[in-house]
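1. prediction below, plus the sequence it came from.
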Amino acid sequence: MEIQISHDLNSSDAEKILDNLIDYNTKFVPDDYQPLVITAKDAGELRGGLLAKYYWQWLHIDIFWLHEDCRGAGLGSKILARAEQEAVNRGAHSATLDTFDFQALPFYQKQGYEIFGQLEGYGGKHSRYYLRKKLVK
């Protein structure tokens, strides 16, 4: 048995690993994975966006970014609400995401997200928070 290290997430081996995991998982739950990309543009210029995926009745928010001059004006709330509504339309009952202490924890809490986990020691001094929100009551 030979163990190798690679840094290429787009390699054929990386794709095979993912495919094999999906094959295994679909023995237990259906493969209903759907990507979700939401963008906010002004005169064609990207001002913010969200990258997420929907599967197994959950919205998984991976990346959410707003240009600094767009923060605090309600755009983030609109983008997040749009993502949540799209997820509900696809059958989601809940959403999950993570953020660091220097990012948007208070924003997410204001939007109804609750902390369910925390890891400390990132970069020596930062905490990472794991949050969830019930989308359907």
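-> Arrived safely, thanks for sending.

2. how long is stretch 90-102 from one end to the other?
-> One end of stretch 90-102 sits 32 Å from the other (CA to CA, to the nearest Å).

3. rounded mean pLDDT for that stretch, please.
-> Taken as a whole, stretch 90-102 carries a mean pLDDT of 97.

4. same deal with stretch 75-87?
-> Averaged across stretch 75-87, pLDDT comes to 97.

5. buried ones in it?
-> Within stretch 75-87, the residues that count as buried by 16 or more other CB atoms under 10 Å are 75-76, 79-80, 83-84, 86-87. Glycine gets a C-beta too; all of them are placed from N, C-alpha and C.

6. who's in contact with residue 130?
-> If you count contacts by CB atoms under 8 Å, 6 or more residues apart in numbering, residue 130 has them with 96-98, 115-119.

7. list just the nearest of these to residue 45.
-> Nearest to residue 45 among these, counting by CB to CB, is residue 97 at 25.2 Å.

8. which stretches in this structure count as helices?
-> For the chain, helices defined by DSSP state H occupy the ranges 12-25, 75-90, 105-110.

9. which helix or strand in the chain has the lowest average pLDDT?
-> Of all helical and strand segments in the chain, the minimum by mean pLDDT, DSSP states H and E falls on helix 12-25, at a mean of 92.

10. for that one, which positions count as buried?
-> Result for helix 12-25 [16+ other CB under 10 Å]: no buried residues.

11. what's that helix in contact with?
-> 6, 8, 31, 33.

12. off-centre distance for it?
-> Computed by CA atoms, centre = their mean, to the nearest Å, the chain-centroid distance of helix 12-25 equals 20 Å.

13. then stretch 104-118 to PDB, C-alphas only?
-> C-alpha atoms of stretch 104-118 as PDB (Å, rounded to 0.1, in the frame of the first residue of the first chain):
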ATOM      1  CA  ALA A 104     -19.900  38.200  11.100                       C
ATOM      2  CA  LEU A 105     -21.000  36.300  14.200                       C
ATOM      3  CA  PRO A 106     -23.300  39.200  15.500                       C
ATOM      4  CA  PHE A 107     -24.900  39.500  12.000                       C
ATOM      5  CA  TYR A 108     -25.800  35.800  11.900                       C
ATOM      6  CA  GLN A 109     -27.100  35.900  15.400                       C
ATOM      7  CA  LYS A 110     -29.300  38.900  14.500                       C
ATOM      8  CA  GLN A 111     -30.700  36.800  11.600                       C
ATOM      9  CA  GLY A 112     -31.800  34.100  14.000                       C
ATOM     10  CA  TYR A 113     -28.700  31.700  13.800                       C
ATOM     11  CA  GLU A 114     -27.700  30.000  17.100                       C
ATOM     12  CA  ILE A 115     -24.300  28.700  18.100                       C
ATOM     13  CA  PHE A 116     -24.100  25.000  18.500                       C
ATOM     14  CA  GLY A 117     -20.300  24.600  18.500                       C
ATOM     15  CA  GLN A 118     -17.100  26.500  18.900                       C
END
